[in-house]
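Undergrad: Pasting a predicted model and its sequence here:
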Amino acid sequence: MSDRDLLLIERYYRAELNDVERTDFERRLNEDAEFSKEANLYLMAMESIRLNSRELLKKELGQRPLIKSLNRLRWLWGGIAIGAVLILAFLYFYNNNESRPVPAQNTPSDTTSEDSLRQQRKDFVPIDSGNFKISPKPQASAKAAMRIFAAYYQPFENELTRRASVRSGTAAGNPDSIFSRFLAYYQNKQYEEAILLFNTLPEVHKSDDNNLFFYANALLAAGKTVESRAVFNNILQQGISDYLDEARWYTALCAIKLEDFPGAKKHLNMLAGGDNTVYQTEAANLLKELPD
Amino acid sequence: MHKPQDDFNAEADRIISAIQAGEKGVIEGLYDLHREKFLQWAGRRFHALSGDLEEAWQEAIVIFYERVRSGRQKRLKCAVKTFLFAIGYRWLKKQEFKKRRFVFLDKIDGVIDYVEFEFFDPYEEEKLKMKTAMKKLSSKCQELLDKRHYRGFTIEELSEEYATSKNSMSAMLSQCLKKLMDSLGEMS
């Protein structure tokens, strides 16, 4: 088959022929058995490609790591926190009971007389509770991380996101701007939608460090802390974003949430020691709260 | 008045146009975004192995992608997530149906055998031929045809990716396609 015929068949099935070409093509299909056979083979070839490619796509998708959402982790952490509180409460109660003064073994059984009562009081020996050490270190670390993160974290907002929010009701002002709509979703706290929309941006916008900063914030707000930290780190490494201090601040918060306190301190020290950074005071305060 | 439904439809429109335009990463993004929720949701409704649920989710994504690419799915009346869950649900239902309908107990020499029939696919043989023909091509040809005819790459994008001229890329593609057609012709 000639290249010209193959191109013609391809264009026909892609609906790219004009009316005259299409009529001519269909006439040829009816009259030329060889051409008709080639057209059928073309369709079979397309089906072969589809069957092969869908298997390939399924395989590729199947190899992607499962990204756990925050919801489940939140339940997990909630469960751990409740468990820890119950254990601590039990230990505290048990400890108190045990350390309450109890009569010594040689206490006389007759407790009716004043003397014997006085004697009993004298003989009270507190049970040594020194061996009963509670070591709630891991829970305490997680708890501290959660508490500090909750106290300091606020989704990033600036004029850009606020403007997007105001206009979100009318498709973010400029209906053609995907990024505006991304910001609108972000500002409306529809983080998952925002993330999805961001992935539909053309590559050149997706790799822009300023845009990535908002994307990383959306990830963090959606509970995808590990992914968010990776994007923030990348922004810091590139060092060209307009939001470098902000990225550093949120990287530190990501680290806190992931209980990586030394990692958080590294960034906070840089912010606290820097000049004229918005986060200077906040970073210094936060540093004081981090466990050693 | 602005309704949440409008947001869903606008979102679906955006995703559909992105897939139609061949934008990269959309399918993967969709797959990741709702995967965990689908597995939980479907896991509560079907007694299936986790591998089956995973496959159902992959099928849902692939079917949605193919429908959009072929132009059969131009709009959605619901959120993309709902639509995908519905496809996954139907796929699982179909699997369940196949198994239930074709499973029966048969007594052979006093031994009860549990016989499970595969669902009969009238096009199985044809499909096998098609797959075999595809496998006969070089891996580069397979890759090129996949990108051009399934993933929606343009000739320009392919020539850029493979650092070759547009004309050479066109020639390569038609050569691969012809080889495939010849192979299919020989088989039939």
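TA: All right, it came through fine.
Undergrad: Can you get me a residue count around A:Gln190?
TA: By the other CB atoms under 10 Å in any protein chain shown criterion, the neighbourhood of A:Gln190 contains 20 residues. Glycine gets a C-beta too; all of them are placed from N, C-alpha and C.
Undergrad: Now the phi/psi pair for it, please.
TA: Backbone torsions of A:Gln190, given as degrees, to the nearest 10, read phi -100, psi 70.
Undergrad: Run a quick neighbour tally on the closest residue to chain B within the stretch 151-292 of chain A.
TA: Minimum separation of the stretch 151-292 of chain A from chain B (CB to the nearest CB) falls at A:Asn199, amounting to 3.5 Å. A:Asn199 has 21 neighbours, counted by other CB under 10 Å.
Undergrad: just A:Lys189 next, same as before
TA: By other CB under 10 Å, 13 other residues sit near A:Lys189.
Undergrad: can you check A:Asp260 too?
TA: A:Asp260 is flanked by 15 other residues according to other CB under 10 Å.
Undergrad: ok, the host helix or strand of A:Leu183 near chain B or not?
TA: Assessed by DSSP states H and E, A:Leu183 sits inside helix A:178-187. Yes - under the criterion of CB under 8 Å from any CB of the partner chain, chain B is reached by helix A:178-187 at A:178, A:181.
Undergrad: Could I get the CA-only coordinates of that helix as PDB?
TA: Taking only C-alpha atoms (Å, rounded to 0.1, in the frame of the first residue of the first chain), the coordinates of helix A:178-187 have been written out as PDB:
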ATOM      1  CA  ILE A 178      -6.500  27.500  34.800                       C
ATOM      2  CA  PHE A 179      -4.200  28.900  37.400                       C
ATOM      3  CA  SER A 180      -6.800  31.500  38.600                       C
ATOM      4  CA  ARG A 181      -9.200  28.600  39.000                       C
ATOM      5  CA  PHE A 182      -6.600  26.600  40.800                       C
ATOM      6  CA  LEU A 183      -6.100  29.600  43.200                       C
ATOM      7  CA  ALA A 184      -9.900  29.900  43.600                       C
ATOM      8  CA  TYR A 185     -10.200  26.300  44.600                       C
ATOM      9  CA  TYR A 186      -7.300  26.700  46.900                       C
ATOM     10  CA  GLN A 187      -8.800  29.800  48.600                       C
END
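Undergrad: by contact count, what packs against it?
TA: Where contact means 3 or more CB pairs under 8 Å, 6 or more residues apart in numbering or on different chains; DSSP states H and E, helix A:178-187 is packed against helix A:159-167, helix A:191-198, helix A:209-221, helix B:4-20.
Undergrad: who's in contact with A:His205?
TA: Contacts of A:His205 were listed using CB atoms under 8 Å, 6 or more residues apart in numbering or on different chains, and they are A:178-179, A:211.
Undergrad: pretty sure it belongs to a strand, no?
TA: No - remark: A:His205 does not belong to a strand; assigned using DSSP: H, G, I helix; E, B strand; the rest coil, it is helix.
Undergrad: Distance check, B:Ile87 against chain A.
TA: Counting by CB to the nearest CB, to the nearest Å, the gap from B:Ile87 to chain A is 14 Å.
Undergrad: ok, A:Tyr186 touching A:Ala216?
TA: No - because the distance of 11.1 Å does not satisfy CB atoms under 8 Å, A:Tyr186 is recorded as not touching A:Ala216.
Undergrad: And the pLDDT at the nearest residue to the residue of the stretch 151-292 of chain A closest to chain B once chain neighbours are set aside?
TA: Once flanking residues are discounted, A:Asn199 sits nearest to B:Gly29: 3.5 Å by CB to CB, 6 or more residues apart in numbering or on different chains. At B:Gly29, the predicted lDDT confidence score is 89.
Undergrad: Look up how far A:Val226 lies from B:Gly29.
TA: Distance of B:Gly29 to A:Val226, given as CB to CB, to the nearest Å: 17 Å.
Undergrad: Just the element for the residue nearest to A:Asn199, please.
TA: Under the assignment here (DSSP H and E), B:Gly29 is part of helix B:26-45.
Undergrad: what comes into contact with that helix?
TA: A:57, A:61, A:64, A:66-69, A:72, A:192, A:195-196, A:199-200, B:15, B:18-19, B:48, B:50, B:53-54, B:56-58, B:60-61, B:64-65, B:80-81, B:84-85, B:88-89, B:92.
Undergrad: same thing but 6 Å
TA: Surrounding helix B:26-45, the residues in contact under the criterion CB atoms under 6 Å, 6 or more residues apart in numbering or on different chains are A:61, A:67, A:69, A:196, A:199-200, B:18-19, B:53, B:57, B:61, B:65, B:81, B:88.
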